[in-house]
Every structure is written in structure tokens, then in C-alpha cells.
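Just to be clear, the model below is a prediction. Sequence and coordinates:
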Amino acid sequence: MTGTTENEEDGAAGEIGGYFELALPDFGDPYPAPFIKYQSARAALRAAIEASALTRVLLPAYVCDSVVQAVADAGRAIDFYHLNAELLPDLRVDLPADTWLLYVNYFGICDKPVARLMALFPAEQLLIDNTQALFSGTDERCVTIHSPRKFVGLPDGGLLRAGHLHVEAPAHEDENSIERMDHLLIRAAQGARAGYKHFVQASRTLEDTRPLRMSRLTQRLLSSIDFASVRSRRRDNFRQLSRALQAWNEREWPLDAHSVPLCYPLVLKHDVAPIRRRLAVQGIYVPTYWEDARHRIDTAGIESALLDRCLALPCDQRHTEEHIDRLIGLVTSELQRL
């Protein structure tokens, strides 16, 4: 094929014929307006904060550094709070009128604490970090950010529901998504271990929080995902893990009618690093959330338990009931050694 389409603005959408692209289904845009699409969740967060007149952001100490960086890049002052046993902010004073309260919907299963916060504080001062809770919704006045790539295979991408704020979509598109595809392709061809260094490299390219519009590649990949199936499988896998492992779990994690979990958080009495290492040898990869928060957290509080004594067991849509049975068997063997 030579030449270009008559309407350059149509891009690939206006092309007919030529060589074949990847064969991807199209389920339509899963996140239409009022969602605004960015190159990353941290860019979406920065855009929301910059659109607000509030001058200070109260962050949980137990949060990743990328959130802290996005707030700093937006030019706002930062204070931190700790969590209580109910995973709610342990605030000693009232929320000042010039301050956002950012709350993380931890593991995608903290919708009830979010509802509590909505009852306690003005929605216009709440910023709900749903990066671990892709499917969770809140009051339409409340600002929320989401990160689809934590739930499905995407090179990048973040979502903002701006609530009461007026936020313009970015004028310029992210053009680097193709350079972040290596880890996805290598994983498909060779497995997770072979592609891990590429995954880390791709993540580092998103450290720049200047808001850009989500790339056309990422938007096309996003529309190829059957999110109804993602939702159903994650919930089923979570329940299967909970039935088998709740007796060992130091916390109960009730799954309400709408929550879709990121993982199954198994909180133990002991440091789980040795278990995590032994599972990795057997091809079971369990992430840590978030090592970079260690210097901020209360070593005697719930944050320390979530950092050092929690196995964030995978429950995602790639795994069948048989896969989860194998995972349960391996984890149970480890627990019986304690």
C-alpha cells in the first residue's frame, strides 16, 4: 500500500485495505464520557488537582511514591495521615476547607470505607484513588482516578472522572505506547519472567506526570477487553480463595455486591517475604504494595501489616478454578510450615 488516506484526520479509522493488523474484538468503549483518558493514572491525578482551587492534599502514608510525586508536580502542599483498624483515615483534626482528602480503595474491596468517608466529608473535598478498584464507582460529585493496566494487559493508561471539577481533556496524545508493548508481547511468547525487566522499563517511562491524552493504541486495546468476564472471574476467584484461606487470615475481607478485587489479601501473623520468595520459585508471583512507603508508615499499625505480613494473592481473570486450586494447595503447604 502506498500513499495516505484522503482524510488524514481519520488516521487508521479511515483506512481501507492494506496489510492486516492484530485481530482484536471490539466491545466498544468501556469508559466513555464523563471519563477522561490519560497516559497514566498519575497524570489523571495531577490534572484533577491542577483544576482545583484547593491548595493542600492529605495523603495516606501507605501509598505509592507515584501518587506523592503527582501531587508535588501539581504544586500542592502535602500532609500524611495513618489508617485505623477499619482502614479509615485516623484524623485528629477536622478537614480544613482548603484541603483534599485522598483515599485509596485498597485492593478494590474498600467500597464501604469510601461510603463512610462520603458521609463524613464534603464530596468536593474527597479524591478517591480507585487505581486498585477499576470497577468501583462513587458519588458523581466525587473525583475518582482509575488504572486499567493494573487489571488487564495494557501498555499504559489512566482514567479520570472529574466529578464537580471542570477538566479539559489533554490537547496532545501520548505517542509512546508502542515502546511500552515489549513486556506484553514477551510475556505472551516467553512468559512473565522473561518479560519482567521490560515491564519495569515501561513503568519508568510513565514517571513524567504531565497530562497527555491516552494513545489510540491503548484505547483500541481497551475496547477489545470483555470487562463483564473480567469482573465475574475475579469475584469468583476471590471467593474461592477466601473459602479456603480465611481461617489463616488475620483480617476479614467481605466482598460486597459490586466490588471487583485486585487480589486476595492474606494477612498473616508473620513476615511473608520468605513465603513470597518460595512461591516465586514455583512460578507464583505475588507483588508487594508498597515498599516505597516504608519510611512513612507506622510500624505498629495496620500499614505495617499490609506491607510486611500480607500476601496479595492473584485472583485475576486469567486463572481458572483449577489454577486457583493449585495456588491454594501451594499456599496451604507454606502456611502449614509456620
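Happy to help now that I have it. As the structure is a prediction and not an experimental result, all values here were calculated from the model. Numbers count the residues shown, from 1 in each chain.

Next one: residue 139, what pLDDT does it get?
Predicted confidence (pLDDT) for residue 139: 71.

So it: helix, strand or coil?
coil (DSSP: H, G, I helix; E, B strand; the rest coil).

Excluding chain neighbours, give the residue nearest to it in space.
residue 123 (5.1 Å; Cβ to Cβ, 6 or more residues apart in numbering). Any C-beta I mention is one placed from the backbone N, CA and C, and that applies to glycine too.

Any chance you could list what contacts stretch 28-36?
Stretch 28-36 has contacts (Cβ atoms under 8 Å, 6 or more residues apart in numbering) with 37, 44, 47, 146, 148, 159-162, 167, 169, 219, 222-223, 225, 227.

What of stretch 202-214?
Under the criterion Cβ under 8 Å, 6+ apart, residues 37-40, 42-47, 66, 69-70, 73-74, 155-158, 169-174, 176, 179-180, 182-183, 222 lie in contact with stretch 202-214.

Next: stretch 68-84.
42-43, 45-46, 49-50, 54-62, 89-91, 99-100, 102, 207, 209-210, 296-298, 301-303.

Put the alpha carbons of it into PDB.
Taking C-alpha atoms only, stretch 68-84 is exported to PDB below (Å, rounded to 0.1, in the frame of the first residue of the first chain):
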ATOM      1  CA  VAL A  68       3.100  11.700  46.100                       C
ATOM      2  CA  GLN A  69       5.100  12.800  43.100                       C
ATOM      3  CA  ALA A  70       1.900  13.600  41.100                       C
ATOM      4  CA  VAL A  71       0.700  15.800  43.900                       C
ATOM      5  CA  ALA A  72       4.100  17.500  44.200                       C
ATOM      6  CA  ASP A  73       4.200  18.100  40.400                       C
ATOM      7  CA  ALA A  74       0.800  19.700  40.700                       C
ATOM      8  CA  GLY A  75       2.300  22.300  43.100                       C
ATOM      9  CA  ARG A  76       0.200  21.400  46.100                       C
ATOM     10  CA  ALA A  77       1.300  21.100  49.700                       C
ATOM     11  CA  ILE A  78       1.200  17.600  51.200                       C
ATOM     12  CA  ASP A  79       0.400  16.200  54.600                       C
ATOM     13  CA  PHE A  80       0.100  12.500  55.500                       C
ATOM     14  CA  TYR A  81      -2.400  10.500  57.700                       C
ATOM     15  CA  HIS A  82      -2.300   7.000  59.000                       C
ATOM     16  CA  LEU A  83      -5.100   4.300  58.800                       C
ATOM     17  CA  ASN A  84      -7.000   2.900  61.700                       C
END
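
which stretches of the stretch 101-250 of the chain have low pLDDT?
The model of the stretch 101-250 of the chain has pLDDT under 70 over residues 138.

now the helices for it?
Along the stretch 101-250 of the chain, the segments classed as helices by DSSP state H, counting those that start in this stretch run 111-120, 182-190, 192-204, 216-223, 227-245.

which of the contacts of stretch 202-214 are buried?
Those of the contacts of stretch 202-214 that meet the buried threshold are 37-40, 42-47, 66, 69-70, 73-74, 155-158, 170, 173-174, 176, 180, 182-183, 222, by 16 or more other Cβ atoms under 10 Å.

Show me those that map onto strands.
Filtering the buried ones among the contacts of stretch 202-214 for membership in strands, criterion DSSP state E, returns 37-38, 158.

Let me know the closest of the residues you listed to residue 115.
Of all those, residue 158 has the smallest distance to residue 115: 23.7 Å, by Cβ to Cβ.

Any figure for the gap between that closest one and residue 222?
Distance, residue 158 to residue 222, using Cβ to Cβ, to the nearest Å: 11 Å.

Touching both of the two, which residues are there?
Common contacts of residue 158 and residue 222, defined by Cβ under 8 Å, 6+ apart, comprise 148, 214.

In contact with residue 150, which residues are there?
Here residue 150 is in contact with 131-132, 134, 262 (criterion: Cβ under 8 Å, 6+ apart).

ranking those residues by neighbours, who comes first?
residue 131 (29 neighbours; other Cβ atoms under 10 Å).

and that residue, how far is that from residue 290?
From residue 131 over to residue 290 the distance is 11 Å, taken as Cβ to Cβ.

same question, residue 207
For residue 207, the distance to residue 290 - Cβ to Cβ - is 15 Å.

which residues in the stretch 201-338 of the chain form strands?
Shown for the stretch 201-338 of the chain, the strands assigned by DSSP state E, counting those that start in this stretch span residues 263-267, 310-314.

Kindly report the same for the stretch 1-150 of the chain.
For the stretch 1-150 of the chain, the strands defined by DSSP E, counting those that start in this stretch cover 35-38, 56-60, 77-81, 99-104, 126-130, 143-146.

Name the stretch among those that sits most buried.
Of all the strands of the stretch 1-150 of the chain, strand 143-146 has the most neighbours on average by mean count of other Cβ atoms under 10 Å, namely a mean of 26.

What residues does residue 111 make contact with?
105, 133, 136, 256, 258-259.

that older thread, okay if I get the helices of the stretch 101-250 of the chain as CSV plus distance to residue 319?
Listed next are the helices of the stretch 101-250 of the chain as CSV, based on distance: least, Cβ to Cβ, whole Å:
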stretch, distance to residue 319
helix 111-120, 23
helix 182-190, 15
helix 192-204, 13
helix 216-223, 21
helix 227-245, 6
